[in-house]
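Novice: requesting a structural model of the entry that follows:
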Amino acid sequence: MVINKLIASLQRKKTRRKTVKAILSREQHNNDVVNIHRVDTKNIGDYYCAPHHYFDTLKGKHLDIFDNKSQDKSVTENFTKQISDNSLIIGGGGLLNRGGFKLQMKLFEKLASGSKKTVLWGVGHNAKSAKHYGNITSYNIDVNTFGLAGTRDISMPGEYVPCVSCLHEVFDKQYSETQEVGIIFHKDTVKKEHITSTFSELPTTSNTTNLEELISFIGKSNAIITDSYHAMYWTMLLGKRVAVVPNSSKFYDFKYKPIFTTFDTCLEDIKKGHTYSGVKEECRTINTNFYEKVANYLNL
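Specialist: Coordinates of the predicted model:
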């Protein structure tokens, strides 16, 4: 089993390098546009953080950033063709300062330094080591190389552009509070019974559910405890208190600060939480204004 996993990992690394080489060997064009992000239906934050969901000119024009390592040749060939033929909108999500995305982001940076039209939209740092929590001072790419750079980290280079998922109509629904505290687990944490069992008497869910159910869960809660970035963000959009158990640097650079906590102390710490007003409206205005810049730049 271990040997098979190692072989598979080595094959994916080989495929990634081969895909990058294939793209760099091709002539580059800006025929249309493709939105590249982590298309993961099992993580609704990753799935809904991309602008192709919200603007008619971008609908149907998306690509999974992990297609570059697929063992299906037709998938990598399509990835190579889409990247080479089109202008690129990269994001959103935690695509920076993260090993799994480094090769792709370096590729996009290289293409951006040439004739390729490129946009970063709502991307941010996502370093997993605790030593980086709260003290990231630089990205692992030069965002100034890109034609437009919208980053979700308030203290970092680029124009501040929070996650575009704020534009989803689900945030316009009205919800009645029926529970004091709700727990939203990240898709990795929900597999850890030693953590989830601690909260067996409280309402819980995870970021693996569908968006409508998750936002309804937030809406009927007075406060949320979570280790999911988008659950934190969406809780703030709805004007709720939120306490965060960080598992990455990404939580520390949003404009509005949550209460930081641990799963051991979160039920006490959430009492210290406070709400922010107008976050949804502000984030929506920033994203619609940024779209106008993108549309002009890419001639959409």
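Novice: bridging across strands, which residues link to the residue nearest the centre of the chain?
Specialist: The centre of the chain sits closest to Gly93, judged by CA atoms, centre = their mean, with a distance of 1.9 Å. Applying DSSP bridges to Gly93 gives these bridge partners: Val123.
Novice: ok, it touching Cys49?
Specialist: Yes - the criterion here is CB atoms under 8 Å, and Gly93 meets it with Cys49 at 4.9 Å. All C-beta atoms are positioned from the backbone trio N, CA, C, and that covers glycine.
Novice: shared neighbours, the two?
Specialist: 37, 122 (CB atoms under 8 Å, 6 or more residues apart in numbering).
Novice: all strands for the stretch 201-300 of the chain, in order.
Specialist: Remark: strands assigned in the stretch 201-300 of the chain by DSSP state E, counting those that start in this stretch are 204-206, 221-226, 241-244, 259-260.
Novice: got those as TSV, with distance to Asn31, mean neighbour count and mean pLDDT columns?
Specialist: Output for those, formatted as TSV (distance: least, CB to CB, whole Å; neighbours: other CB atoms under 10 Å; pLDDT from 0 to 100):
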stretch	distance to Asn31	mean neighbour count	mean pLDDT
strand 204-206	40	19	96
strand 221-226	41	24	98
strand 241-244	42	25	98
strand 259-260	45	16	97
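Novice: in JSON lines: these, plus distance to Gly158.
Specialist: Formatted as JSON lines, the strands of the stretch 201-300 of the chain follow (distance: least, CB to CB, whole Å):
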{"stretch": "strand 204-206", "distance to Gly158": "30"}
{"stretch": "strand 221-226", "distance to Gly158": "26"}
{"stretch": "strand 241-244", "distance to Gly158": "23"}
{"stretch": "strand 259-260", "distance to Gly158": "24"}
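Novice: of these, which is nearest Arg98?
Specialist: Closest to Arg98 of these is strand 241-244 (CB to CB; 18.3 Å).
Novice: contacts for that closest one?
Specialist: Outside strand 241-244, the residues that touch it by CB under 8 Å, 6+ apart are 222-227, 231-232, 235-236, 251, 258-261, 266, 269-270, 273-275.
Novice: put the alpha carbons of it into CSV.
Specialist: The C-alpha coordinates for strand 241-244 follow below in CSV (Å, rounded to 0.1, in the frame of the first residue of the first chain):
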residue,chain,number,x,y,z
ARG,A,241,-19.9,36.0,15.8
VAL,A,242,-17.2,33.5,14.8
ALA,A,243,-14.3,31.8,16.6
VAL,A,244,-11.6,30.2,14.4
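Novice: sheet-wise, list the partners of that strand with their directions.
Specialist: Short version: by DSSP bridges, strand 241-244 pairs with strand 221-226 (parallel), strand 259-260 (parallel).
Novice: so which of these gets nearest Asn97?
Specialist: strand 259-260 (19.0 Å).
Novice: three-state assignment of Ile154?
Specialist: Per DSSP: H, G, I helix; E, B strand; the rest coil, the secondary structure class of Ile154 is coil.
Novice: for it, give its distance to Lys110.
Specialist: 27 Å (CB to CB, to the nearest Å).
Novice: got it, and Lys102?
Specialist: When Lys102 is compared with Lys110 (using CB to CB), they lie 12 Å apart.
Novice: ditto for Asn144
Specialist: With CB to CB as the criterion, Asn144 and Lys110 are 14 Å apart.
Novice: please identify which of the two sits among more neighbours.
Specialist: Neighbours were tallied for Asn144 and for Lys110 using other CB atoms under 10 Å; the higher tally belongs to Lys110 (15 against 9).
Novice: do I have it right that that one meets Leu24?
Specialist: Yes - Lys110 is within contact range of Leu24, at 7.2 Å (criterion: CB under 8 Å).
Novice: mind checking pLDDT for Ile7?
Specialist: With respect to pLDDT, Ile7 has a value of 66.
Novice: please enumerate the helices of the stretch 201-300 of the chain.
Specialist: Taking DSSP state H, counting those that start in this stretch as the test, the helices found in the stretch 201-300 of the chain are 211-219, 229-237, 266-269, 279-298.
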